[in-house]
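Novice: no sequence on this one, just coordinates:
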């Protein structure tokens, strides 16, 4: 099965860039997701990347995939206080297959 | 975009009672839905895979008689926590895959508190 690790906590100042990292072990995942979870709420899909891609940019979000190192990252440009939340990376073989989640990184944005 | 609706958002119940949680896909038909459980400050753990028209597939360690799953239509899956006890208190989240684009969408979650 897939083992997925994330650092537990990240603190950045408002306006700076945030980089949340994720390492994984299984190379068979096709879909690689980033989800945001605010307190007491469900998961919000932020973005996802296919395993045949190296990078995807969507407004302030940039996803980088290093397949050689099995490393996935999410960069948030111009981080705002509203970005404070827990961010989960997640992996799936695709289709209707179950998803494996990382441990989550709590992002704290300091005004 | 595709939306998954989960209801209720929170529920408080007495020990020994049963609680039903609904998960609906609003914009697409979902032959497969997933149910997760999340303890405070932890990641999500898959409980079971809900298959429309057939029995759910439970993960190891999840009691199928306690967590009843029914996926009677292509847009609705329900999770019933039977004879709930305080240790069942948790955050339950459902998800479904949009067959068009393959994205996985989540419900807003249900916070269950068993007294």
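Specialist: Sure, I can see it. Note that the structure is predicted; figures quoted are calculated from it, not measured.
Novice: Kindly report the residues of chain B close to chain A.
Specialist: Chain B comes close to chain A at residues B:6, B:31-32, B:34, B:42-44, B:46, B:49, B:93, B:95, B:97, B:102-109, B:111, as judged by C-beta under 8 Å from any C-beta of the partner chain. Bear in mind the C-beta positions are built from the backbone N, C-alpha and C, glycine included.
Novice: Are any of those buried, and if so which?
Specialist: The neighbour-count criterion (16 or more other C-beta atoms under 10 Å in any protein chain shown) marks B:6, B:31-32, B:34, B:43-44, B:46, B:49, B:93, B:95, B:97, B:103-109, B:111 among those as buried.
Novice: before we move on, the earlier item: which ones among the residues of chain B next to chain A map onto helices?
Specialist: With DSSP state H as the criterion, helices contain none of these.
Novice: Narrow these to those in strands?
Specialist: Among these, DSSP state E puts B:6, B:32, B:34, B:44, B:46, B:49, B:93, B:95, B:97, B:104-106, B:111 in strands.
Novice: Same list, these, but as JSON lines with pLDDT please.
Specialist: What follows is these, written out as JSON lines (pLDDT from 0 to 100):
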{"residue": "B:6", "pLDDT": "93"}
{"residue": "B:32", "pLDDT": "86"}
{"residue": "B:34", "pLDDT": "91"}
{"residue": "B:44", "pLDDT": "82"}
{"residue": "B:46", "pLDDT": "88"}
{"residue": "B:49", "pLDDT": "89"}
{"residue": "B:93", "pLDDT": "92"}
{"residue": "B:95", "pLDDT": "90"}
{"residue": "B:97", "pLDDT": "80"}
{"residue": "B:104", "pLDDT": "77"}
{"residue": "B:105", "pLDDT": "84"}
{"residue": "B:106", "pLDDT": "86"}
{"residue": "B:111", "pLDDT": "91"}
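Novice: how about CSV for those, with distance to residue A:106 added?
Specialist: Output for those, formatted as CSV (distance: C-beta to C-beta, whole Å):
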residue, distance to residue A:106
B:6, 23
B:32, 30
B:34, 24
B:44, 15
B:46, 22
B:49, 28
B:93, 18
B:95, 21
B:97, 27
B:104, 22
B:105, 23
B:106, 18
B:111, 19
